[in-house]
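Student: make a model of this:
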Amino acid sequence: MTATASAQLLPVPEPAVQLCVVRERSALEVALESVLQRRGATDIKFEAVDESDEHQWCFGASLRLACDDGMVQDYALFASRENAETFVRWLYGFKAAHALNDVAVLDGIGETLNQLVGRIKEVWIQRYGTEPLLGTPKLLNADGCALYFATHRDATRTTASSEPWQRGLQVVAGERQDPATCALDEVLGLLEAAGDDVATLLRGQAALADVREHLIGELRVSAEHVLSWSSEQLGALINGAARDRSHITSALRTLREQVIKACRRHDFEIPTEADLVGLIAEFVEEARGLLESSRKELESGGPIAAQGLFRAMHTIKGNAGFFGLEQVQRLAHSTENMLAQARDRATPLDDGQVRAAGRSIALIGDFVERTAEKLESGGMVPYQRALDLHRALLDTAVASGISPVMDEAAAPAAAGRRDIEMVRVASTHLEALERIESDFAALMALAPATSATPESGDGTELESARADLVDLHGRLADACRSLRRVGLDRLFGKVRRLCAETAEHLGKLAQVNVLGDELDAPRHLTTALSGPLVHLARNAIDHGIEDPEERRQTGKPLLATIECRASWHGAWLLVEIGDDGRGVDPERVRSKAERLGLIAADAELSQQDVLGLLMAPGFSTAEKTTDISGRGVGLDVVRKEIEGVGGRVELHSTLGAGSTFRILLPESPQSPPFEDAGASASVEDEPPLDLADCGELTFL
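Tutor: From the prediction side, this is the model:
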């Protein structure tokens with residue numbers, strides 16, 4: 001497309017825009033208004049097109065916008081025959097003697113839309129914070145205009161009028177929709193407008209290939225029969241055979257409804273319960289940290305091992321599944337599978353895997369940020385097709401045993417983490433800090449009088465003031481530390497909900513007893529505990545406790561018990577999570593360790609040796625992989641998380657009676673050793689660590 005003339009820039013007048021309806025104006029409409037104002041248009045009016053509109057739109061150009069979430073939106077600009085030449089002459093400054101034929105007018109409309117592309121991007125970035133991908137405008141003659149309206153019945157249509165022309169320009173903005181839905185609309189519109197025109201029927205048959213191309217995963221498989229049948233029926237119509245066209249359109253409309261339902265099924269609605277919103281906020285913060293550390297690992301340079309990225313994706317997958325974030329869960333699972341290929345071969349990630357992992361991080365991060373934005377206002381986090389597209393690419397690569405082939409230009413920019421971290425503070429902590437500040441102010445008022453002439457007294461008053469300052473400093477330090485403390489109720493509530501969800505999914509019966517959830521702890525400890533407790537709670541349900549029938553046969557209550565307890569012992573936090581299930585089978589652990597070459601056949605294992613093997617990266621006794629557990633990830637992650645904050649993990653297990661994990665965490669790096677914290681009396685009733693006679697416990 002070529003420009004037919006250069007525009008003459010005129011002073012920008014004060015805009016006078018009138019809108020007949022209250023709505024969000026499309027990016028095309030805003031961009032057009034801006035350009036028209038710069039060219040000198042005055043008294044610009046945008047009015048909705050109603051049924052009485054008699055204009056025949058003969059000249060047009062269309063443009064498709066690809067959104068960052070994989071959805072598409074169509075824009076178009078049309079002109080009527082009686083006003084098109086007037087508009088193009090005014091916009092491009094043609095002289096009155098210069099005759100314009102239909103080709104020149106059509107080219108002028110197309111060039112107008114082409115020049116609006118940059119401004120549309122600016123509006124989109126300002127409105128949504130992301131940059132869309134805009135295609136090249138396509139010219140539409142009178143027949144093309146009619147077909148466009150037939151395939152975009154639900155689009156928003158407004159006319160733009162100004163002094164040089166009257167209602168001779170129309171702006172059309174389609175809805176943001178899935179590309180498969182958009183392609184189906186085009187096929188249905190072509191079928192309706194075709195009549196007996198063979199060329200239009202051929203276009204409709206070709207458009208079916210676009211529908212197939214845009215369908216993803218299981219939906220593509222289930223739709224194959226409908227698409228093949230519809231293509232055969234259209235082929236028969238093209239060849240002159242008698243076919244009931246209504247049957248074809250009915251089948252395609254049904255398929256369209258299925259596509260829309262599939263998209264809506266993955267929308268995520270922010271819950272209204274305050275406790276759930278709080279838990280999702282914690283998930284957002286944890287996911288941000290995991291994604292940021294993963295991003296830094298990818299950017300570190302040199303060979304990149306899969307293990308750390310694998311752990312991060314595994315944790316995100318489990319937490320996302322708990323809250324029903326299906327798209328994130330599935331993409332993290334597919335990324336896990338890809339990373340497992342490199343991990344199992346003990347080789348660094350190749351270039352394709354690095355780029356694919358980076359795209360997964362960016363897409364998940366974007367979804368997490370969209371979720372964070374909705375936490376305050378509520379509402380729906382919409383389906384993002386880009387996640388499913390990338391997941392399909394990963395699944396295909398894994399199934400083929402090859403490295404993913406990535407289009408570097410298509411990778412979205414990673415969502416940036418907020419510079420300011422918001423911290424919730426209990427009002428009682430703030431009140432304590434305000435009282436201390438008031439006391440400090442009162443003491444400072446006395447300080448000059450007590451220190452002005454120290455030689456006149458024996459120093460008792462000054463020493464007393466110093467002692468008061470030391471005391472206030474200690475209280476102030478305690479209050480400041482308390483601002484970084486959070487309650488354990490949300491963390492334990494997360495464990496309770498997770499156990500209930502997992503038990504229901506597996507058809508098991510379990511109750512969760514929680515003790516100590518009224519306590520609080522430094523935020524860095526609750527953050528470190530979040531992932532480990534999720535792993536251990538899920539394993540307790542999945543592999544720790546037995547099925548109801550198995551419990552019946554062993555004489556156990558059908559309702560299994562999971563216990564989660566917390567207590568403070570001096571400067572140490574003790575968190576325990578246990579079950580009354582099978583326990584750990586040392587022979588099973590030994591057998592797997594021998595097969596992996598971790599121990600010799602005649603090695604003698606102590607209790608600590610067994611625990612050490614269970615914490616080896618990738619070690620698992622699971623016989624099959626599930627979405628819940630059995631990936632060889634779990635205790636090694638638990639240990640690394642806990643040791644990262646100076647803590648340690650202990651295991652107590654008894655045959656047929658279950659297992660208990662004890663997690664010990666210091667309040668600060670300066671905390672005295674746990675043995676000196678006076679905890680022995682509070683845990684003296686705990687059973688000794690006995691792994692000589694145990695059942696089975698398999699780890700994530």
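Student: which residues in the stretch 601-700 of the chain form strands?
Tutor: 648-654, 658-666 (DSSP state E, counting those that start in this stretch).
Student: ok, residue 327 - contacts?
Tutor: 266, 268, 367, 383, 384, 387, 388 (Cβ atoms under 8 Å, 6 or more residues apart in numbering). (Glycine included, C-beta is placed from N, CA and C.)
Student: farthest-apart pair in these, please.
Tutor: Across these, the longest distance by Cβ to Cβ is 13.8 Å; it joins 268 and 388.
Student: list the contacts for residue 326?
Tutor: By Cβ under 8 Å, 6+ apart, residue 326 lies in contact with 265, 266, 268, 320.
Student: if we use 10 Å, what do you get?
Tutor: Contact analysis of residue 326 by Cβ atoms under 10 Å, 6 or more residues apart in numbering lists 265, 266, 267, 268, 320, 383, 387.
Student: looking at this, residue 349 is in a strand?
Tutor: No - if the criterion is DSSP: H, G, I helix; E, B strand; the rest coil, then residue 349 is coil and not within a strand.
Student: on that earlier part again, for residue 164, find the nearest of the strands of the stretch 601-700 of the chain.
Tutor: So among these, strand 658-666 is nearest, using Cβ to Cβ, at 74.2 Å.
Student: CA atoms of that closest one as PDB?
Tutor: Output of strand 658-666 as PDB, limited to C-alpha atoms (Å, rounded to 0.1, in the frame of the first residue of the first chain):
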ATOM      1  CA  GLY A 658       2.200 -43.200  60.800                       C
ATOM      2  CA  SER A 659       4.900 -40.600  60.500                       C
ATOM      3  CA  THR A 660       5.600 -37.200  62.000                       C
ATOM      4  CA  PHE A 661       7.900 -34.500  60.600                       C
ATOM      5  CA  ARG A 662       9.300 -32.000  63.100                       C
ATOM      6  CA  ILE A 663      10.500 -28.800  61.600                       C
ATOM      7  CA  LEU A 664      12.700 -26.600  63.900                       C
ATOM      8  CA  LEU A 665      13.200 -22.900  63.000                       C
ATOM      9  CA  PRO A 666      15.200 -20.300  64.800                       C
END
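Student: let me see the mean pLDDT of that strand.
Tutor: Averaged across strand 658-666, the pLDDT comes to 91.
Student: okay, now the sheet partners of that strand, with direction.
Tutor: The pairing partners recorded for strand 658-666 under DSSP bridges are strand 572-579 (antiparallel), strand 648-654 (antiparallel).
Student: next SSE after the host helix or strand of residue 530?
Tutor: Following DSSP states H and E, one finds residue 530 within helix 523-539. Counting by DSSP H and E, the next helix or strand C-terminal to helix 523-539 is helix 548-553.
Student: other SSEs contacting the following helix or strand past that next one?
Tutor: Using DSSP H and E, the helix or strand that follows helix 548-553 towards the C-terminus is strand 560-569. Counting contacts by 3 or more Cβ pairs under 10 Å, 6 or more residues apart in numbering; DSSP states H and E, strand 560-569 is packed against helix 489-506, strand 510-515, strand 520-522, helix 523-539, strand 572-579, strand 658-666.
Student: any chance of CSV for these, columns mean neighbour count and distance to residue 300?
Tutor: Shown next, in CSV, are these (neighbours: other Cβ atoms under 10 Å; distance: least, Cβ to Cβ, whole Å):
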stretch, mean neighbour count, distance to residue 300
helix 489-506, 19, 31
strand 510-515, 16, 40
strand 520-522, 20, 29
helix 523-539, 23, 22
strand 572-579, 24, 33
strand 658-666, 23, 29
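Student: could I get these as CSV with distance to residue 464?
Tutor: Output for the helices and strands packed on strand 560-569, formatted as CSV (distance: least, Cβ to Cβ, whole Å):
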stretch, distance to residue 464
helix 489-506, 42
strand 510-515, 44
strand 520-522, 33
helix 523-539, 37
strand 572-579, 35
strand 658-666, 35
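Student: residue 436 is nearest to which of these?
Tutor: strand 520-522 (18.8 Å).
Student: other SSEs contacting the closest one?
Tutor: By 3+ Cβ pairs under 10 Å, 6+ apart, strand 520-522 packs against helix 460-483, strand 485-487, helix 523-539, strand 560-569, strand 572-579, strand 658-666.
Student: what angle separates the last one from strand 560-569?
Tutor: To tie it back to what came earlier, the one meant is strand 658-666. Put simply, strand 658-666 runs at 20 degrees to strand 560-569, going by axes from the mean of the first three to the mean of the last three Cα atoms, to 10 degrees.
Student: ranking helices and strands of the protein by mean pLDDT, which lands last?
Tutor: strand 18-19 (a mean of 38; mean pLDDT, DSSP states H and E).
Student: for the following helix or strand past that one, the averaged confidence score.
Tutor: Toward the C-terminus, strand 18-19 is succeeded by helix 27-38 as the next helix or strand (DSSP H and E). For helix 27-38, the mean pLDDT works out to 86.
Student: from the chain's centroid, how far away is helix 27-38?
Tutor: 34 Å (Cα atoms, centre = their mean, to the nearest Å).
Student: so which elements touch the host helix or strand of residue 375?
Tutor: If you go by DSSP H and E, residue 375 is part of helix 351-377. Packing partners of helix 351-377 (3+ Cβ pairs under 10 Å, 6+ apart): strand 268-269, helix 274-298, helix 307-323, helix 326-345, strand 380-381, helix 385-400.
Student: winner for burial among these?
Tutor: helix 307-323 (a mean of 24; mean count of other Cβ atoms under 10 Å).
Student: who are the packing partners of it?
Tutor: Using 3+ Cβ pairs under 10 Å, 6+ apart: helix 307-323 touches helix 274-298, helix 326-345, helix 351-377, helix 489-506, helix 523-539, helix 635-643.
Student: nearest to residue 219, out of the helices and strands packed on helix 351-377?
Tutor: Of all the helices and strands packed on helix 351-377, helix 385-400 comes closest under Cβ to Cβ, at 9.4 Å.
Student: hey, C-alpha coordinates of the closest one in CSV?
Tutor: Coordinates of each C-alpha in helix 385-400 appear next as CSV, following Å, rounded to 0.1, in the frame of the first residue of the first chain:
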residue,chain,number,x,y,z
ARG,A,385,-4.6,-18.4,25.4
ALA,A,386,-0.9,-17.8,25.3
LEU,A,387,-0.4,-20.2,28.2
ASP,A,388,-2.2,-23.0,26.4
LEU,A,389,-0.3,-22.4,23.2
HIS,A,390,3.0,-22.6,24.9
ARG,A,391,1.9,-25.7,26.9
ALA,A,392,1.0,-27.4,23.6
LEU,A,393,4.4,-26.7,22.2
LEU,A,394,6.1,-28.1,25.3
ASP,A,395,3.9,-31.2,25.3
THR,A,396,4.7,-31.9,21.6
ALA,A,397,8.5,-31.5,22.2
VAL,A,398,8.4,-33.8,25.2
ALA,A,399,6.4,-36.4,23.4
SER,A,400,8.8,-36.3,20.5
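Student: so which elements touch it?
Tutor: helix 179-194, helix 217-238, helix 245-265, helix 326-345, helix 351-377.
Student: between these, which one is nearest to residue 464?
Tutor: helix 351-377 (49.5 Å).
Student: that closest one vs helix 274-298, what angle?
Tutor: 150 degrees.
Student: check which residues of helix 351-377 are buried.
Tutor: 353-369, 371-372, 374-375 (16 or more other Cβ atoms under 10 Å).
Student: tell me the mean pLDDT over that helix?
Tutor: In the prediction, helix 351-377 has an average pLDDT of 89.
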